[in-house]
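In: what follows is a protein structure lacking sequence information:
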């Protein structure tokens, strides 16, 4: 088992899919010239000349061009630079990319992967620090993923690129530099979109998260263990379609549920999980469901204030202890 960064894992995923399929290419701002603003495309322009394409600063063109390329038979990977900019090409996303296959009666497909760096990464301020993943599970026709570690980053990106349906791939900016264990080439297990992972089994409480929120989930589980509380930790990975069976089965075993994400709590994806469990497993709950997320305000620029709007494992521990 080797250790590589989240960013390196995505580079491997791109290189392997591009080597295998000549129709795979990437387009976005500063990908060829700079290797991506966070270095996530580093080395790929040299390895695949002409297939890592720099575009004008026009998110509408980037997504619209990607949709057109996908309809013409290619497998484009389009980079959004910052997930915050995804509001600009929303018509191309929810009226075109998501609906084309349906409106053409299945005669066309849109195998497009939209990579969207998200999250608060230190002084990015309100327009460069958001988590907007909860906007998109509401739209039929789009798959949404948000991996939390290098291994999943690689295998989920491969699955997203190979999908015949459009996939939004949210990649947290802080996670790019974090290292994790990834099997040797050829020993990895393919990822199936829509499947969650139980990263720690437990019997007393279920903690559900995804992306960078998994740091809080795992940290809280470790702290709870010191007090004799055995937490089960689930990494959703895919938000649409999400693996509700994995969550429901866990809640039926532990009888308690805590959900955490970096995104704003109000109308965050945790609300969908909470509502589903309340509808389908209410009789198994021994305590109210807990949800943790950012307060309902823009992300501050000042580092001290930025830290204040972030959830920490101790927040979860305090709430979970109150369940017993």
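Out: Perfect, I can see it now. As the structure is a prediction and not an experimental result, all values here were calculated from the model. Numbering: from 1, shown residues only.
In: rest of the way, CA atoms for contacts and neighbours
Out: Will do.
In: name the next helix or strand downstream of the one helix or strand residue 160 maps to, please.
Out: Using DSSP states H and E, residue 160 sits in helix 150-162. Downstream of helix 150-162, the next assigned helix or strand under DSSP H and E is strand 167-172.
In: let me see the mean pLDDT of that next one.
Out: Strand 167-172 shows a mean pLDDT of 98.
In: quick one: that strand to helix 150-162, angle?
Out: 160 degrees (axes from the mean of the first three to the mean of the last three Cα atoms, to 10 degrees).
In: residue 146 - how many residues pack around it?
Out: Per other Cα atoms under 10 Å, the neighbour tally for residue 146 reads 26.
In: what's near enough to touch it?
Out: Residue 146 sits next to 169-171, 210-211, 237-239 when contact means Cα atoms under 8 Å, 6 or more residues apart in numbering.
In: and it, backbone torsions?
Out: Per-residue torsions, residue 146: phi -150, psi 80 (degrees, to the nearest 10).
In: name the element residue 239 belongs to?
Out: strand 238-240.
In: and if you look at residue 37?
Out: Using DSSP H and E, residue 37 maps to neither a helix nor a strand.
In: next one: residue 114
Out: Assigned by DSSP H and E, residue 114 belongs to strand 113-118.
In: just checking, what packs against that strand?
Out: Strand 113-118 makes packing contacts with strand 75-79, strand 167-172 when contacts are defined by 3 or more Cα pairs under 8 Å, 6 or more residues apart in numbering; DSSP states H and E.
In: among those strands, which comes closest to residue 140?
Out: Set against residue 140 and scored by Cα to Cα, those come closest in strand 167-172, at 11.6 Å.
In: name the next helix or strand downstream of the closest one, please.
Out: strand 179-182.
In: which strands and helices sit next to that next one?
Out: Using 3+ Cα pairs under 8 Å, 6+ apart: strand 179-182 touches strand 2-5, helix 150-162.
In: quick one on the thing from earlier: could you list the paired strands of the strand holding residue 239 along with their orientation?
Out: Partners of strand 238-240 in the sheet, by DSSP bridges, are strand 143-145 (antiparallel).
In: quick one on the thing from earlier: pull up the pairing partners for the strand holding residue 114, direction included.
Out: The strands beside strand 113-118 in its sheet (DSSP bridges) come out as strand 75-79 (parallel), strand 167-172 (parallel).
In: off-centre distance for that strand?
Out: 8 Å (Cα atoms, centre = their mean, to the nearest Å).
In: what's it in contact with?
Out: With Cα under 8 Å, 6+ apart as the test, strand 113-118 has contacts from 75-84, 128-132, 160-161, 166-173.
In: may I see the buried residues of the next helix or strand after the strand holding residue 239?
Out: Next along the chain after strand 238-240, taking DSSP H and E as the criterion, comes helix 244-254. For helix 244-254, a neighbour-count test (16 or more other Cα atoms under 10 Å) marks 244, 246-248, 250-254 as buried.
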